[in-house]
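Engineer: Sequence and predicted structure below; questions after.
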Amino acid sequence: MESALLRRIITGVVLAGLFLLPVFEPHQFVLHMLSLVAISATVALGLQLLLGFSGQLSIGQAAFYGIGAYASGLLSTKLGLPFPLAFLAAGLIAALTSLLMVPVTRLTGAYLAVATLGFSILVYLVLKNEEWLTGGSFGLMGIPRASLFGYVLAKPAYAYLLCVSVAALVYLSLLRLERSRFGRAINAIRQNEDAARACGVKVTLLKSQCFVIAAFVAGLGGSLYAHQVRYLAPTDFTFWKSVEILIMVVIGGMGSLFGAVLGAAVVVLLPEALREVGDYRMLVFGAILMAVMLFGESGLAGFLGQCLKPFSKR
Amino acid sequence: MYLADLFAAGLAIGCVYSLVALGFAMIIRATGIIHFAQGELLMLGSMSALSTLWLMPKLPAVLVLACGMIASGVLAVAMEFLVYRPLRLRRVPLMNVITATVGMSILCINAARIVWGSEPLRYPELFSSSTYRFFGVVVSPQLVWIMVFGVVLMGLLQLFLKRTRTGLVMQAVAQDAEVAQLMGANLTRMMIYTFAIAGMMAGAAGVMFGSLFFSFFEMGFVLGIKGFVAATLGGLGSLAGAMLGGILFGLIETFSAVYVSSAYKDAIGMVMLIAILLFLPSGLVGLWKARS
């Protein structure tokens, strides 16, 4: 079997499985956790585009995630905007804010990482201190559930389906993007920026586009989070969140969209599965981060790829 | 009167930033790595010194400082030896080494939380509690001693780098590793020295900061970033720039916390960081070089 076909079949089966899951009426808590996985996966997919495809390390995705969440929460509580509009607005506002930061994409490597980290801390301080807008440390309460065309998605199963659909949509769009001219160009940038520029690739433009797209996707994820959990506190969007999103991408495997989803599942579900190790969770993740860097960057996705190899021929 | 107090406080916290910035600058010069775990070295030094104080409450301040420095120095060498060196030997891209230092930082923070708990820990009085008077200005002894220790440490480091053979070899390795190696410099050993010194500077900063405020498992993260801001302000990779940048940043932060906004005290550093990286990437040293 060809490996591309095999991959397509697996993607289809997994997606079908995820969409059919509510039929078996799993426990409410399971659905809630899986919704959170889908939300995290959405944000991680955005970072995968930025880090895995174009090679820009951002430790500030929580900033855009938080901006999206608060934008959506505020628009629906204070202005009473319906969910689909608030959802899109959250993405757009996050993307617009990222435009402010676009000049930093001129920075290379670790300098970009530090600048985005600084921005993430800045956004956290604003969320915490601007009480008139965000409710400060008390947080933002009473965010309505997501609704579609006047129909409130009150059942956890419906909310789950919404989150999974958004994640799947982002996944498939980024998959298309990866194989487009744009995807090939940013891949070239990641491998050798100077060579790419010499070949006529508009490096600065493409890098900033990746940055804005990643922020847009993070904003969408934030909106889903706001309406899923229905309570926002600034502490949800500290630099730890940024680091967590980075860990998802790195554990899953840099450069693999499927890896980002897998990484999100591991980071969100592992602490629930191993309650006793709760305190050691980040300790373990820190060690894994170093180990992945040491033993190759392909992560979990690379490992799975190795396992599937015997079944596919080139 | 009030201005003088603020100035002293700014200088003291500036010394702390200078020491952290020096560590960043030394590691960047030698390896090109932005060492995200530098702040955690500071935190671990501070915690270790505090634990020693619990065991031996009568220890003089100088020895407490030495304890923190030794603990952080040893830890920094361990990091280099166990993680960063294997990474370099595998010829992993620099970006991945830096990501690994983020992992190291997470590991250290959470290990510290398990060992020392998540409550802020107060230092006992390290210095005599009677205040000093300079030209009619009353200054707390904490601030005076921190400045004295800070300046002495930085002076010693300069002497070591400029006057001893090992120091000169380290400078040579930082400038051009390959040529220095051809001339017979032992690269591995110099890397270990670099990390040891960077760790010791961070440890000293940790004890100083702890004695001013408190020790806390997450203290290293923000302090580390601020040290990095100081290093970029001075000019990344320049030792003189790191010292100058630290003291300047300490003053800017202290004054703007009072005159601009105390809630956004940490934000000032972050705005400065982004602005410097964008508009003045070579820092104050670069500005000065361009003038002359």
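Structural biologist: Looks like it came in fine. Residues are numbered from 1 along each chain as shown, chains lettered A, B, ... in the order given.
Engineer: Next one, pLDDT for residue 44 please.
Structural biologist: Answering for chain A, as no chain was given. The score at residue A:44 is 96. That number is its pLDDT.
Engineer: was after chain B, sorry
Structural biologist: At residue B:44 the predicted local confidence, pLDDT, stands at 95.
Engineer: Same question for residue A:277.
Structural biologist: At residue A:277, the pLDDT value in this model is 67.
Engineer: Where does the residue nearest to residue B:236 when sequence neighbours are not counted sit, in terms of helix or strand?
Structural biologist: The spatially closest residue to residue B:236, leaving aside those adjacent along the chain, is residue B:28, at 5.9 Å (C-beta to C-beta, 6 or more residues apart in numbering or on different chains). To be clear about C-beta, it is placed using only N, CA and C from the backbone, and glycine gets the same treatment. Using DSSP states H and E, residue B:28 sits within helix B:2-31.
Engineer: again with residue A:208
Structural biologist: Assigned by DSSP H and E, residue A:208 belongs to helix A:203-229.
Engineer: The helix or strand that that helix is followed by close to chain B?
Structural biologist: Per DSSP H and E, helix A:203-229 leads on to helix A:239-252 as the next helix or strand towards the C-terminus. Yes - contact of helix A:239-252 with chain B (C-beta under 8 Å from any C-beta of the partner chain) involves A:239, A:243, A:246, A:250.
Engineer: which of those sit farthest apart?
Structural biologist: Between any two of those, the greatest separation by C-beta to C-beta is 16.0 Å, found for A:239 and A:250.
Engineer: mind listing what the residue sitting nearest the centre point of chain A touches?
Structural biologist: Centroid check for chain A by C-alpha atoms, centre = their mean gives residue A:43 as the closest residue, at 1.1 Å. Going by C-beta atoms under 8 Å, 6 or more residues apart in numbering or on different chains, residue A:43 touches A:61, A:65, A:217, A:218, A:221, A:222, A:245, A:264.
Engineer: and what of residue A:87?
Structural biologist: With C-beta under 8 Å, 6+ apart as the criterion, the residues that contact residue A:87 are A:72, A:146, A:220, A:223, A:224.
Engineer: Okay, and it sits in which element?
Structural biologist: helix A:83-101.
Engineer: quick revisit: is the residue nearest to residue B:236 in contact with residue B:237, as I believe?
Structural biologist: Yes - when contacts are counted by C-beta atoms under 8 Å, residue B:28 is listed as touching residue B:237 (5.1 Å).
Engineer: For the stretch 101-250 of chain B, just list every one of the helices.
Structural biologist: Counting by DSSP state H, counting those that start in this stretch, one finds helices in the stretch 101-250 of chain B at the ranges B:141-163, B:165-175, B:177-182, B:187-212, B:219-234, B:239-259.
Engineer: ranking the ones you listed by burial, who's on top?
Structural biologist: When you average the neighbours per residue for each of the helices of the stretch 101-250 of chain B (mean count of other C-beta atoms under 10 Å in any protein chain shown), helix B:219-234 leads with a mean of 28.
Engineer: Check whether that one comes into contact with chain A.
Structural biologist: Yes - residues of helix B:219-234 contacting chain A under C-beta under 8 Å from any C-beta: B:221, B:222, B:225, B:228, B:229.
Engineer: circling back: how much space between the residue nearest to the residue nearest to the centre of chain A when sequence neighbours are not counted and residue B:277?
Structural biologist: Take residue A:43 and drop its neighbours on the chain: the residue closest to it by C-beta to C-beta, 6+ apart is residue A:221, 4.0 Å away. For residue A:221, the distance to residue B:277 under the criterion C-beta to C-beta, to the nearest Å works out to 27 Å.
Engineer: cool, residue A:112 as well?
Structural biologist: For residue A:112, the distance to residue B:277 - C-beta to C-beta - is 9 Å.
Engineer: So which of the two has more stuff around it?
Structural biologist: Just comparing residue A:112 and residue B:277: by other C-beta atoms under 10 Å in any protein chain shown the higher neighbour count belongs to residue A:112, 25 against 22.
Engineer: show me the contacts for that one.
Structural biologist: The neighbourhood of residue A:112, defined by C-beta under 8 Å, 6+ apart, consists of A:56, A:57, A:58, A:104, A:105.
Engineer: The one residue in the stretch 151-292 of chain B that gets nearest to chain A: what's it in contact with?
Structural biologist: Checking the stretch 151-292 of chain B residue by residue against chain A with C-beta to the nearest C-beta singles out residue B:270 as nearest, at 3.8 Å. The contact partners of residue B:270, taken as C-beta under 8 Å, 6+ apart, are A:118, A:119, A:121, A:122, B:225, B:229.
Engineer: Near the fourth one, how many other residues are there?
Structural biologist: The burial count assigned to residue A:122 is 22, neighbours taken as other C-beta under 10 Å.
Engineer: so it is in which element?
Structural biologist: Using DSSP H and E, the secondary-structure element containing residue A:122 is helix A:109-129.
Engineer: same question for that helix, mean pLDDT?
Structural biologist: The predicted model assigns helix A:109-129 a mean pLDDT of 89.
Engineer: can you list the weak-confidence ranges in the chain?
Structural biologist: No chain was given, so I picked chain A. Flagging of chain A using pLDDT under 70 yields the residue ranges A:1-3, A:275-279, A:297, A:311-314.
Engineer: looking at chain B here, not the other one
Structural biologist: For chain B, counting by pLDDT under 70, the residues that fall below are B:1, B:128-130, B:135-136.
Engineer: excluding its backbone neighbours, what's nearest residue A:102?
Structural biologist: In space, residue A:102 comes closest to residue A:208 once its chain neighbours are excluded; the distance is 4.5 Å by C-beta to C-beta, 6+ apart.
Engineer: That neighbour against residue A:107, yeah?
Structural biologist: No - look at residue A:208 against residue A:107 with C-beta under 8 Å: they stay out of range, at 11.6 Å.
Engineer: how about the residues of chain A near chain B?
Structural biologist: Counting by C-beta under 8 Å from any C-beta, the residues of chain A close to chain B are A:55, A:57, A:59, A:101, A:103-104, A:106-107, A:109-111, A:113-115, A:117-119, A:121-122, A:125-126, A:129, A:239, A:243, A:246, A:250, A:279-280, A:282-283, A:285-290, A:293-294, A:297.
Engineer: Just the buried ones from those, in PyMOL syntax?
Structural biologist: Below is the selection syntax for PyMOL that covers the buried ones among these, with 16 or more other C-beta atoms under 10 Å in any protein chain shown defining burial:
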select buried, chain A and resi 55+57+59+101+104+107+109+110+111+113+114+115+117+118+119+121+122+125+126+129+239+243+246+250+280+282+283+285+286+287+288+289+290+293+294+297
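Engineer: Return the member of the contacts of residue B:270 nearest to residue A:178.
Structural biologist: The shortest distance between residue A:178 and any of those, using C-beta to C-beta, involves residue A:119 and amounts to 26.2 Å.
Engineer: give the contact list for the nearest residue to the closest one once chain neighbours are set aside.
Structural biologist: Leaving aside its chain neighbours, residue A:119 sits nearest to residue A:60 (4.8 Å; criterion: C-beta to C-beta, 6+ apart). Contact criterion C-beta under 8 Å, 6+ apart gives A:101, A:115, A:116, A:117, A:118, A:119, A:120, A:242 as the residues in contact with residue A:60.
Engineer: Looking at the residues you listed, spot the one nearest chain B.
Structural biologist: Distance to chain B, by C-beta to the nearest C-beta, is smallest for residue A:118 among the contacts of residue A:60, at 3.8 Å.
Engineer: Hmm, that closest one is touching residue B:225, no?
Structural biologist: Yes - with the criterion set as C-beta under 8 Å, residue A:118 and residue B:225 qualify as a contacting pair; they are 6.8 Å apart.
Engineer: Give me the common contacts of the two.
Structural biologist: Among the neighbours of residue A:118, those also in contact with residue B:225 (C-beta under 8 Å, 6+ apart) are B:269, B:270, B:273.
Engineer: burial measure for residue B:118, as a count.
Structural biologist: Residues near residue B:118, counting by other C-beta under 10 Å, number 11.
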